[in-house]
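[1] this one's structure only:
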């Protein structure tokens, strides 16, 4: 390898580094995640309206979200975020055919009793 070629390569690499944005990998990950409320809004926006009206399981929503450190968001934080977005939790107590379940309903769905 001759000296001119080596100098040319070094010069081009330095030029390339100057034009690249100086971002930290951790900052990029945080920016892509955003607050839980925003991420939850995005996930809910991709769920069809008729599915939302049937009620959503918080465990299924949790599986769709990733936490800041790669884990899942805490159920309590996810429930609080759902309430901030106006969603309501309805419990279906067990009877002879089903077990206890809890579903979340959108703000425009008011449910006073179980829908059959």
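    Nice, thanks for sending it over. Given the structure is predicted, the values throughout are model-derived calculations rather than measurements.
[2] residue 90 is in what secondary structure piece?
    Per DSSP states H and E: residue 90 is located in strand 88-92.
[3] go through whichever helix or strand comes after that strand and flag the buried ones.
    For strand 88-92, the succeeding helix or strand toward the C-terminus, using DSSP H and E, is strand 101-105. For strand 101-105, the neighbour count (16 or more other C-beta atoms under 10 Å) marks 103, 104, 105 as buried. Just so you know, the C-beta spots here come from the backbone N, C-alpha and C atoms, and that holds for glycine as well.
[4] and stretch 4-17, by the same measure?
    Buried, per 16+ other C-beta under 10 Å, within stretch 4-17: nothing.
[5] just stretch 48-67 next, same as before
    So for stretch 48-67, counting by 16+ other C-beta under 10 Å, buried means 52, 55, 56, 58, 61, 62, 65.
[6] for those, name the two members farthest from one another.
    55 and 65 (18.0 Å; C-beta to C-beta).
[7] confidence score at residue 116?
    On the pLDDT scale, residue 116 is placed at 46.
[8] how about residue 113?
    Residue 113 is given a pLDDT of 47.
[9] for residue 96, same thing?
    Reading off the model, residue 96 has pLDDT 69.
[10] contacting residues for residue 59?
    residue 75 (C-beta atoms under 8 Å, 6 or more residues apart in numbering).
[11] how much space between it and residue 14?
    51 Å (C-beta to C-beta, to the nearest Å).
[12] who's in contact with stretch 74-85?
    By C-beta under 8 Å, 6+ apart, stretch 74-85 touches 36-37, 40-41, 44, 58-59, 61-62, 65, 73, 89, 104, 107.
[13] which other helices and strands contact the longest helix anywhere in the chain?
    Longest helix in the chain by number of residues, with DSSP state H as the criterion: helix 3-19. Here helix 3-19 touches no other helix or strand, going by 3 or more C-beta pairs under 8 Å, 6 or more residues apart in numbering; DSSP states H and E.
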